[in-house]
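Peer 1: Fold the following for me, if possible:
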Amino acid sequence: MHRLASPILWPLPLAFAALLSVMLWVSLPLWQVFNLDPDYYYLLNGLRMVEGLAPTDLSHPGTPVQAIIAAVLRLMHPGEGSAAIVDQVLKDPERHLIVATLAFYPFVALALVSLGAAVLAATGSRTAALVAQSSPFLSAIIAKFGLHAKPEPLIIAAAAALAALGFAAVRTERPGDRMAGLFGLVMGFGIACKLQFAALGLLPLFLLPARQLFVVYPLATIAAFFVFVSPALPSADLFFDLWGRILTHSGAYGTGEAGIVNPTKLPRAILKLFSGKWLFTLVIVVALALLVFYFRLRRRGLLGRDRMARLAAGLVLAQVATVVMIAKQPASHYMIPALMLTGPTLVTVWSLSRPLMGETAFRRLWLAVPMVLAVIAISAAWRQTRELDGWTKDAQGFDMSRFAGCAKIGFDASSSLGYALQRGDMNAQGRYSPKLAAFMPRDEYFWFTNDHTWWNRSLMQWNQPVRLTDILARHGCAVLRGSQPWTLAPELAKEAPGLVPDDRCSTSDEEIFTINVRCDGSKVAR
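Peer 2: Below is the predicted model of the structure:
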């Protein structure tokens with residue numbers, strides 16, 4: 001406990017929590033196209049849990065996220081019944097979602113403090129502790145996704161906690177059942193947040209004795225996973241349906257031909273993931289080189305035994321396994337669990353390099369490394385914050401009020417509160433559409449131009465199918481806004497053959513098509 005109180009352990013975790021808060025602020029509202037997926041899915045599934053119902057969005061599966069959101073919603077309305085909470089959340093979703101989002105940041109900060117404390121205990125070095133805590137600053141993708149109420153902030157925390165256990169295990173010659181159980185607890189939690197976390201299960205491979213590794217650890221992982229997903233078990237069929245398709249089809253997200261992977265595409269995807277994260281890849285390469293030197297010198301009797309080498313091997317193996325696992329659907333944010341191990345891997349590099357260098361050279365090198373990391377971190381944070389601010393200003397700068405009287409149709413995916421709520425409600429099995437229909441604007445419609453997880457392409461208004469011809473007859477004109485215009489054209493051709501939009505305008509992320517009205521708001525004479 002005295003190490004947790006060390007002043008050196010707190011600045012970076014608090015700075016990262018502050019960075020997340022600033023980035024959240026400049027990217028509001030959360031219903032914008034670059035935010036809503038899956039924030040609003042989790043909000044409305046958390047609302048289901050407030051009502052005592054099982055969540056129906058299990059794609060990650062993400063159950064701990066939904067449970068925390070449900071707890072926050074309850075705490076925001078102490079003493080009120082679930083029906084009253086539902087009404088208040090639906091009428092003011094942004095405020096509730098922002099508060100729920102902020103509730104995740106302390107988990108991240110505390111996990112980073114624990115990681116720093118574990119490294120400080122294992123190495124006695126404040127520099128090493130700071131290097132370990134630097135991971136979330138070293139890739140812009142970590143903060144960009146960590147600022148949302150979705151699995152990523154808990155994945156960041158779980159990866160930090162797992163690495164902390166790794167450094168704790170290094171200090172013990174034969175870690176016992178308690179240590180193996182803690183590894184399993186963190187692994188079960190991380191996998192319940194997002195299945196890709198499973199690749200990090202290789203981290204303790206060289207640290208635990210055989211019985212703990214092959215009996216206690218896996219049993220604890222399985223037990224913890226089922227505890228953390230237990231609120232969602234009544235909806236398990238939805239989980240098995242989605243992941244059954246993902247695991248039996250070679251394309252991303254359950255698409256493509258039958259088979260687990262396409263072997264012709266996999267190597268290129270793996271190479272792309274590594275090449276896109278140069279610092280991450282560089283640290284792995286250096287760690288591997290040092291491991292080779294270490295084992296060669298050990299065989300020749302020129303170097304003493306260092307359990308940090310075992311941790312280094314586990315960290316590198318977990319990182320590489322993550323890349324291989326996600327290469328089938330190579331989205332960069334799926335790398336976050338592995339990216340969070342960059343700092344801890346650097347600490348093992350710090351330890352393994354020490355006996356290979358003179359003390360003066362070692363000190364100079366590891367004075368320079370944190371300075372370089374600081375420059376990278378500050379640059380990444382500044383660039384990402386400015387990018388989010390620019391996206392927000394651009395999206396909000398297009399004034400939809402010029403189309404008063406026209407129908408507003410959001411297609412996949414659109415920056416509007418109505419679209420975010422409707423799409424989130426589709427992931428909540430349409431439970432809240434009847435309530436939303438009673439008070440949301442009557443000129444808003446939603447065109448899902450892709451087949452989504454649990455519903456097919458359709459033009460609807462609060463879960464009720466509508467026809468474009470009826471919409472135009474009712475309002476006289478329509479404005480269609482979304483970020484995937486290539487999906488709209490074929491659906492528009494099927495819905496209204498021969499109909500051609502009268503005008504087209506855009507933001508940086510979205511295209512706007514108009515019917516019987518122009519982009520400046522003037523009506524088209526017929």
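Peer 1: pLDDT weak spots in the protein?
Peer 2: 1-5, 243, 249-261, 526 (pLDDT under 70).
Peer 1: same thing but 80
Peer 2: Low-confidence segments of the chain, defined by pLDDT under 80: 1-5, 238-265, 301-305, 330, 453-454, 525-526.
Peer 1: how about the strands in it?
Peer 2: 407-411, 444-448, 458-461, 464-465, 478-482, 503-506, 511-515 (DSSP state E).
Peer 1: I'd like those laid out as JSON lines, including mean neighbour count.
Peer 2: Using the backbone N, CA and C atoms, a C-beta is placed for each residue, glycine as well. What follows is the strands of the chain, written out as JSON lines (neighbours: other C-beta atoms under 10 Å):
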{"stretch": "strand 407-411", "mean neighbour count": "25"}
{"stretch": "strand 444-448", "mean neighbour count": "23"}
{"stretch": "strand 458-461", "mean neighbour count": "19"}
{"stretch": "strand 464-465", "mean neighbour count": "10"}
{"stretch": "strand 478-482", "mean neighbour count": "25"}
{"stretch": "strand 503-506", "mean neighbour count": "15"}
{"stretch": "strand 511-515", "mean neighbour count": "22"}
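Peer 1: Put together a markdown table for these, with distance to Val283 on each row.
Peer 2: As requested, these are exported to a markdown table (distance: least, C-beta to C-beta, whole Å):
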| stretch | distance to Val283 |
| --- | --- |
| strand 407-411 | 42 |
| strand 444-448 | 42 |
| strand 458-461 | 47 |
| strand 464-465 | 52 |
| strand 478-482 | 39 |
| strand 503-506 | 40 |
| strand 511-515 | 40 |
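Peer 1: do you know which of these lies nearest Glu173?
Peer 2: Closest to Glu173 of those is strand 444-448 (C-beta to C-beta; 57.6 Å).
Peer 1: what's the spacing between Ala331 and Leu182?
Peer 2: 30 Å (C-beta to C-beta, to the nearest Å).
Peer 1: Counting neighbours around each, name which of those two comes out higher.
Peer 2: Leu182 (21 against 12; other C-beta atoms under 10 Å).
Peer 1: correct me, but that one touches Ala164?
Peer 2: No - taking contacts as C-beta atoms under 8 Å, Leu182 lies outside contact range of Ala164: 9.6 Å.
Peer 1: can you list residues touching both of these two?
Peer 2: Common contacts of Leu182 and Ala164 (C-beta atoms under 8 Å, 6 or more residues apart in numbering): none found.
Peer 1: Neighbours of the spatially closest residue to Gln319 that is not a sequence neighbour, how many?
Peer 2: Taking C-beta to C-beta, 6 or more residues apart in numbering, and ignoring the residues beside it in sequence, Gln319 has Ala338 as its nearest neighbour in space, at 4.3 Å. For Ala338, the neighbour count with other C-beta under 10 Å is 29.
Peer 1: How about the contacts made by Ala338?
Peer 2: Neighbouring residues of Ala338 by C-beta under 8 Å, 6+ apart: Ala199, Leu200, Phe280, Ala318, Gln319, Thr322, Val323.
Peer 1: now, which of those residues sits nearest Asp389?
Peer 2: Phe280 (26.0 Å).
Peer 1: As a check, name the ranges of all helices in the stretch 351-500 of the chain.
Peer 2: 359-397, 417-426, 433-439, 468-475, 485-495 (DSSP state H, counting those that start in this stretch).
Peer 1: Please identify the most buried of those helices.
Peer 2: helix 417-426 (a mean of 24; mean count of other C-beta atoms under 10 Å).
Peer 1: how many degrees apart are that one and strand 444-448 in direction?
Peer 2: Here helix 417-426 runs at 50 degrees with respect to strand 444-448, directions being taken by axes from the mean of the first three to the mean of the last three C-alpha atoms, to 10 degrees.
Peer 1: contact partners of helix 417-426?
Peer 2: 29-31, 36-37, 39-41, 43-44, 90, 93-94, 408, 410, 413, 431-433, 436, 440-441, 444, 446, 448, 452, 454-455, 460, 462-463.
Peer 1: Might one say that Lys272 is in contact with Pro330?
Peer 2: Yes - look at Lys272 against Pro330 with C-beta under 8 Å: they come within range, at 6.4 Å.
Peer 1: Would you mind telling me which of the two has more residues around it?
Peer 2: Between Lys272 and Pro330, Pro330 has the larger neighbour count (other C-beta under 10 Å), namely 18 against 14.
Peer 1: What separation do you get for that one and Gly276?
Peer 2: 9 Å.
Peer 1: and if you look at Ala321?
Peer 2: Relative to Gly276, and taking C-beta to C-beta, Ala321 is found at 18 Å.
Peer 1: Which one of the two is surrounded by more residues?
Peer 2: Ala321 (17 against 13).
Peer 1: Grab the nearest non-local neighbour of that one.
Peer 2: Ala199 (4.1 Å).
Peer 1: which residues touch that neighbour?
Peer 2: Ala318, Ala321, Thr322, Val324, Met325, Pro337, Ala338.
Peer 1: Kindly report the same for Gly314.
Peer 2: Gly166, Leu202, Leu203, Pro204, Leu205, Phe206, Leu207 are the contacts of Gly314 under C-beta under 8 Å, 6+ apart.
Peer 1: Reformat those residues into a markdown table and put neighbour count and distance to Ala313 next to each item.
Peer 2: Formatted as a markdown table, the contacts of Gly314 follow (neighbours: other C-beta atoms under 10 Å; distance: C-beta to C-beta, whole Å):
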| residue | neighbour count | distance to Ala313 |
| --- | --- | --- |
| Gly166 | 29 | 11 |
| Leu202 | 18 | 9 |
| Leu203 | 28 | 10 |
| Pro204 | 26 | 11 |
| Leu205 | 14 | 8 |
| Phe206 | 18 | 5 |
| Leu207 | 24 | 9 |
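Peer 1: Nearest to Ile8, out of those: which one, please.
Peer 2: Distances from Ile8 to the contacts of Gly314, taken by C-beta to C-beta, are shortest for Gly166, at 20.1 Å.
Peer 1: ok, now which ones touch the closest residue to that closest one other than its chain neighbours?
Peer 2: Spatial nearest neighbour of Gly166, chain neighbours left out: Leu311 (5.0 Å); criterion: C-beta to C-beta, 6+ apart. Applying C-beta under 8 Å, 6+ apart to Leu311 gives the contacts Gly166, Phe167, Ala169, Val170, Leu203, Phe206, Leu207, Pro344, Thr348.
Peer 1: Leu311 and Leu373: what is the separation?
Peer 2: Distance, Leu311 to Leu373, by C-beta to C-beta: 20 Å.
Peer 1: Would you check that Ala6 makes contact with Leu120?
Peer 2: For the record, residue 6 is Ser, not Ala. Yes - here Ser6 reaches Leu120: they are 6.7 Å apart, a contact under C-beta under 8 Å.
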